[in-house]
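Engineer: here is my input, please return the structure:
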Amino acid sequence: MSVRLVAKGPVARRALGVAALAAAGALGGCANPAADEALVAQTALIGMSKATLLSCAGVPERQATVDNREFFTYRSSRIVSYPSAPPLGYYGGWGWPHYGYGYGWPSYGYEVNSFDCEATFSLRNGVVERVVYGGASGGSARLGQCYAIVQNCMALIPQRTIKPSP
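Structural biologist: Now for the predicted structure:
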């Protein structure tokens, strides 16, 4: 089954165009630039020397050595708290102390979100070979937090040129 939208007339076509632009804008509003940069860092930091990595990312939280490979693990986390929206409760009743119907008393709460990331750099012969992200939070939220680990190192990478897609 296929659905085909047909816009007849200039007003209908304009309305369809506005709706398409609004949908594209709404989806673009969900983008997380920090998450995008964290993904770019997984390839951009390959080839970075151990000395440069330590100077831009700092001393790792954990490190291990196996044969001629070193593993540096960095961790970043934050907790964000903000007031939640008041409920739109509805109460009603007659008699003392209630008189009539109306909205309930506002009771405010707090939304608490936790974001974390573990970034493990694999180095062979003193050069970054691979960058792997992990952590309890997932998706764009975790990647955005991973950027906090790699952002100082990304500042050392020469400007990337954007190549047009074929």
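Engineer: quick one: V127 and P60, what's the gap?
Structural biologist: V127 is 16 Å from P60, where distance means Cβ to Cβ, to the nearest Å. From N, CA and C alone the C-beta is placed, and that goes for glycine too.
Engineer: which of the two has more residues huddled nearby?
Structural biologist: Set side by side, V127 and P60 show more neighbours around P60, with 19 against 14, by other Cβ atoms under 10 Å.
Engineer: my read is that that one contacts K50, right?
Structural biologist: No - checked against Cβ atoms under 8 Å, the pair P60 and K50 is beyond contact range at 10.8 Å.
Engineer: all helices of the chain, in order?
Structural biologist: Using DSSP state H, the helices found in the chain span residues 10-28, 33-44, 50-57, 139-154.
Engineer: pLDDT of the last one, averaged?
Structural biologist: Translated: helix 139-154. Rounded to a whole number, the mean pLDDT of helix 139-154 is 88.
Engineer: using CSV, write out every CA atom in it.
Structural biologist: The C-alpha coordinates for helix 139-154 follow below in CSV (Å, rounded to 0.1, in the frame of the first residue of the first chain):
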residue,chain,number,x,y,z
GLY,A,139,22.8,7.2,22.3
SER,A,140,23.3,10.9,21.7
ALA,A,141,23.3,11.6,25.4
ARG,A,142,26.4,9.4,26.0
LEU,A,143,28.2,10.7,22.9
GLY,A,144,27.6,14.2,24.0
GLN,A,145,29.2,13.5,27.3
CYS,A,146,32.1,11.7,25.5
TYR,A,147,32.9,15.0,23.8
ALA,A,148,33.8,16.4,27.1
ILE,A,149,36.7,13.9,27.2
VAL,A,150,38.0,14.5,23.6
GLN,A,151,37.2,18.2,23.0
ASN,A,152,40.7,19.5,24.1
CYS,A,153,42.3,17.0,21.7
MET,A,154,40.0,17.9,18.9
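Engineer: which one is E129 nearest to, not counting chain neighbours?
Structural biologist: Nearest residue to E129, sequence neighbours excluded (Cβ to Cβ, 6 or more residues apart in numbering): S122, at 4.9 Å.
Engineer: measure the one you found to A31 for me?
Structural biologist: Distance of S122 to A31, computed by Cβ to Cβ: 29 Å.
Engineer: tell me which of these two has more neighbours.
Structural biologist: Neighbours per residue, other Cβ under 10 Å: of S122 and A31, the larger number sits with S122, 16 against 10.
Engineer: beta partners of the more buried one?
Structural biologist: Counting by DSSP bridges, S122 is bridged to F71, R130.
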